[in-house]
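Student: One predicted model, sequence on top.
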Amino acid sequence: MSKGKITGLLRAGLTTVIVIVALVLSFRLLPSAIADERCLRIVFPEVIGNDEIVSGAELFRQDMAASGQCVVPVMMPLNRSVVELDHGSVDGIFGWTDDLPSLVNVPLLRSSFPVLEVPVLLVARKPSVRSIKDLKDQVLGIWLGFDWAKQVSLGHEHTVEIPGGPVIMEKMLLAGRIDAMLVDGYSYSKMHDIGGFAATVLKNNKVYSWLREEHRSHMVTFNAGIDLYRKRFGDWVTN
């Protein structure tokens, strides 16, 4: 066999090896590429004023897209959102306080800065009630499942946890079944029948966005999207 034919065969063989290696690498990298483009299912808990939450979810989706992160907003009841996050049916939650990790059995990643800052209000029947201590033997209603409400009301013996949250608590307050309630500022802004009750801001809760730990590779774009979303509301959210 001539030297030219041998050289030609070697070149052809080398080309074939390069093509095979390239194909193998492509298939190995393909799952990672798909994972990077994967849309994250983010829960927006249903509370009072769901129409506004749907609008806010769309703005959040747009800002995430601008940062390079695809998300699919999912609306569901508040308590169910924690269960679905725990089971892995969803990938994250738009907004929750620092107590969220204690409510699930999987590791979570918190956004680098709060997405919202929400006041906590004590709404009471008597105008003289401006703090938890002022309640004395009066009955205080708090939202079932929220550790921040338990922490704020810690030490008050006559506290009842109420499923259904602000909607049910408002009805119970109006009916005289409780004497006061703890609510977040957003929920309070949607209540129209308690204008005659005393409302006092006790503290501000910082609310963060959360992802399950297996989505760590998305945190850079996720945080970038949150930063864009925060900028819509000016400087009223602090780090």
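Tutor: All right, it came through fine. For clarity, every value in this text was computed on a predicted model and none was experimentally measured.
Student: tell me the domain ranges of this protein?
Tutor: Listed domain ranges for the chain are 1-36, 37-116+206-231, 118-205 (source: automatic domain parsing).
Student: Let me have those in JSON lines, adding mean neighbour count as columns.
Tutor: No exception for glycine: its C-beta is placed from N, CA and C like everyone else's. Compiled in JSON lines, those are given as follows (neighbours: other C-beta atoms under 10 Å):
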{"stretch": "domain 1-36", "mean neighbour count": "10"}
{"stretch": "domain 37-116+206-231", "mean neighbour count": "17"}
{"stretch": "domain 118-205", "mean neighbour count": "17"}
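Student: Lowest average pLDDT across these?
Tutor: Of all these, mean pLDDT reaches its minimum on domain 1-36 (a mean of 38).
Student: where do the helices sit along this structure?
Tutor: Assigned by DSSP state H, the helices in the chain fall at 3-36, 50-67, 78-87, 147-152, 165-175, 185-189, 219-231.
Student: ok, and what's touching stretch 155-168?
Tutor: Applying C-beta atoms under 8 Å, 6 or more residues apart in numbering, the contact partners of stretch 155-168 are 47-48, 78-79, 132, 135, 137-145, 153, 169, 172, 178, 181, 183-184, 187-188, 190-191.
Student: which residues does E213 contact?
Tutor: By C-beta under 8 Å, 6+ apart, the contact list for E213 reads 106-109.
Student: isn't R130 right up against V201?
Tutor: No: assessed by C-beta atoms under 8 Å, R130 is found out of contact with V201, at 10.1 Å.
Student: Could you spell out the sheet neighbours of the strand ranked longest in the chain, each with its direction?
Tutor: For the chain, the strand that runs over the most residues, judged by DSSP state E, is strand 198-212. Sheet pairing of strand 198-212 (DSSP bridges) gives strand 92-96 (antiparallel), strand 108-110 (antiparallel), strand 116-124 (antiparallel).
Student: Show me how far the shortest one is from its chain's centre.
Tutor: When you say that, I think you mean strand 108-110. In this view, strand 108-110 has its centroid 10 Å away from the chain centroid, taken as C-alpha atoms, centre = their mean, to the nearest Å.
Student: Figure out which of the strands paired with strand 198-212 is closest to R230.
Tutor: strand 116-124 (8.3 Å; C-beta to C-beta).
Student: That closest one to helix 165-175, inter-axis angle?
Tutor: Calculated by axes from the mean of the first three to the mean of the last three C-alpha atoms, to 10 degrees, strand 116-124 forms an angle of 20 degrees with helix 165-175.
Student: ok and strand 116-124 relative to helix 219-231, angle-wise?
Tutor: Inter-element angle recorded for strand 116-124 and helix 219-231: 60 degrees (by the same axes, to 10 degrees).
Student: gap between the two ends of stretch 112-131?
Tutor: Distance between the two ends of stretch 112-131: 32 Å, counting by C-alpha to C-alpha, to the nearest Å.
Student: What of stretch 68-79?
Tutor: In stretch 68-79, first residue to last residue: 30 Å (C-alpha to C-alpha).
Student: Looking at strand pairing, list the partners for L211.
Tutor: Going by DSSP bridges, L211 is paired in beta bridges with G92, L109.
Student: who's in contact with it?
Tutor: Each residue near L211 by C-beta under 8 Å, 6+ apart is listed here: 40, 91-92, 108-109, 218-219, 222.
Student: and the closest residue to S102 other than its chain neighbours, what does it touch?
Tutor: Once flanking residues are discounted, S102 sits nearest to D147: 6.4 Å by C-beta to C-beta, 6 or more residues apart in numbering. Contacts for D147 were tallied using C-beta under 8 Å, 6+ apart; they are 97, 99, 102-103.
Student: Include distance to V54 when you put the strands paired with strand 198-212 into JSON lines, please.
Tutor: Output for those, formatted as JSON lines (distance: least, C-beta to C-beta, whole Å):
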{"stretch": "strand 92-96", "distance to V54": "12"}
{"stretch": "strand 108-110", "distance to V54": "24"}
{"stretch": "strand 116-124", "distance to V54": "16"}
